[in-house]
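In: let me see the structure of the following:
(one chain, ligands or ions: 1)
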Amino acid sequence: MAQRTDLLLPILKGQPVIPVLLVDRVADAAPLARALAAGGLPAIEITLRTSAALDAIRAVAEEVPEAIVGAGTILNARQYEEAAKAGSRFIVSPGTTKAIRDAANDSDVPLLPAAITPSEIMAMREEGYTYLKFFPAEQAGGAAFLKALSSPLAGTFFCPTGGVSLANAKTYLSLPNVVCVGGSWVAPKELVEAGEWEKITTLAAEASKLSA
Ligand SMILES: O=C(O)C(=O)C[C@H](O)[C@H](O)COP(=O)(O)O
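Out: Sure, this is the predicted structure:
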C-alpha cells in the first residue's frame, strides 16, 4: 500500500512550518492550538512524549475546528491506533518500523515516517513513501546533507525537524526536496506555561510568512 498523500499533502503544503508541541497540561492544548491557528499555523503536531498528549489531541480535535491536529513521537502500532482514535489527522514518527507501516496501512490517518540515510530512504520509496520526515535534521547533517540527497533521490520530499529555527528554516525551505519544516520554536515552554497565547500567535505569524 502507498502513503496516503491525498490526505497528507494538503497538510504539509498548507503551511511552511508545522509546530512540534509538548503539552504538559491538557487545559493548555485548545488555547495553544487556537493561538497557532490565529498566527497562520493550523496544523500542529502534539508529541506523545507527555502523559497529557492523547487528551490534548482529543481536546484540540473536539474544541478547535480551525486546527488540524496530528500526533508525533509515535513509536509503535498501539500508539498509532490510540492517537488516531483521539482524533489525530496525521501521524508522525521519528523513524520507521514495519509495525508502524502496517498500522498506517490499516488506518485512514496518514503517516509521515522519518528516514535519514540513503538506504533508509530507498527502503521507504520501495514501500511507497514519497514524503518523509528528516529527523534529527540539524544533528544529522542539516540542509547541506538534505541538499546532497535531492538529485540522486529526486522525487522524495522531506519535512526536516530537530534543531530547525526561524534562523535556519529559510535555508531548508529553499531546497527542492523540502516540503515544509517542523519545529518547537513557535511554542516555547515558558510562553505555554505562562499562557502567553498572543506572543505565541506572534511567533506563529512570523513563521507562517516563511515561504516553502
Ligand atoms: O518526537 C518526535 O517525534 C519529534 O518530532 C521530535 C521533534 O521533531 C523534535 O524534538 C523537535 O525538535 P526541536 O524543534 O529541535 O525541538
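
In: ranges for the strands of the protein?
Out: 17-21, 43-47, 68-72, 91-92, 111-112, 131-134, 157-160, 181-183 (DSSP state E).

In: got TSV for those, with distance to the ligand and mean pLDDT too?
Out: C-beta here means a position set from N, CA and C on the backbone, and glycine is covered the same way. Supplementary listing: the strands of the chain in TSV, determined by distance: least, CB to the nearest ligand atom, whole Å; pLDDT from 0 to 100:
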stretch	distance to the ligand	mean pLDDT
strand 17-21	4	98
strand 43-47	5	98
strand 68-72	4	98
strand 91-92	6	98
strand 111-112	10	98
strand 131-134	7	98
strand 157-160	9	98
strand 181-183	4	98
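
In: residue 209: which of those strands is closest?
Out: Closest approach to residue 209 among the strands of the chain is made by strand 17-21 (9.8 Å; CB to CB).

In: the closest one versus strand 43-47: what angle between them?
Out: Per axes from the mean of the first three to the mean of the last three CA atoms, to 10 degrees, the angle that strand 17-21 makes with strand 43-47 is 30 degrees.

In: strand 17-21 packs against which elements?
Out: Contacting strand 17-21 under the criterion 3 or more CB pairs under 8 Å, 6 or more residues apart in numbering; DSSP states H and E are the following elements: strand 43-47, strand 68-72, strand 181-183, helix 197-208.

In: so what are the sheet partners of it and their directions?
Out: Next to strand 17-21 in the sheet, as set by DSSP bridges, lie strand 43-47 (parallel), strand 181-183 (parallel).

In: output the ones you listed in a markdown table; the columns should cover mean neighbour count.
Out: As requested, those are exported to a markdown table (neighbours: other CB atoms under 10 Å):
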| stretch | mean neighbour count |
| --- | --- |
| strand 43-47 | 26 |
| strand 181-183 | 26 |
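
In: tell me which parts of this protein are close to the ligand?
Out: 20, 47, 49, 72-73, 92, 94, 135, 161-164, 182-185 (CB under 6 Å from any ligand atom).

In: how about low-confidence regions in this structure?
Out: For the chain, the stretches with pLDDT under 70 are 212.

In: show me where the chain has helices.
Out: 5-13, 26-38, 53-63, 77-85, 98-105, 118-126, 137-140, 142-150, 166-173, 189-193, 197-208 (DSSP state H).

In: turn these into JSON lines, columns for mean neighbour count and distance to residue 156.
Out: Conversion of these to JSON lines gives the following (neighbours: other CB atoms under 10 Å; distance: least, CB to CB, whole Å):
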{"stretch": "helix 5-13", "mean neighbour count": "16", "distance to residue 156": "12"}
{"stretch": "helix 26-38", "mean neighbour count": "22", "distance to residue 156": "28"}
{"stretch": "helix 53-63", "mean neighbour count": "21", "distance to residue 156": "28"}
{"stretch": "helix 77-85", "mean neighbour count": "19", "distance to residue 156": "22"}
{"stretch": "helix 98-105", "mean neighbour count": "17", "distance to residue 156": "16"}
{"stretch": "helix 118-126", "mean neighbour count": "14", "distance to residue 156": "6"}
{"stretch": "helix 137-140", "mean neighbour count": "18", "distance to residue 156": "15"}
{"stretch": "helix 142-150", "mean neighbour count": "17", "distance to residue 156": "8"}
{"stretch": "helix 166-173", "mean neighbour count": "17", "distance to residue 156": "15"}
{"stretch": "helix 189-193", "mean neighbour count": "14", "distance to residue 156": "33"}
{"stretch": "helix 197-208", "mean neighbour count": "18", "distance to residue 156": "24"}
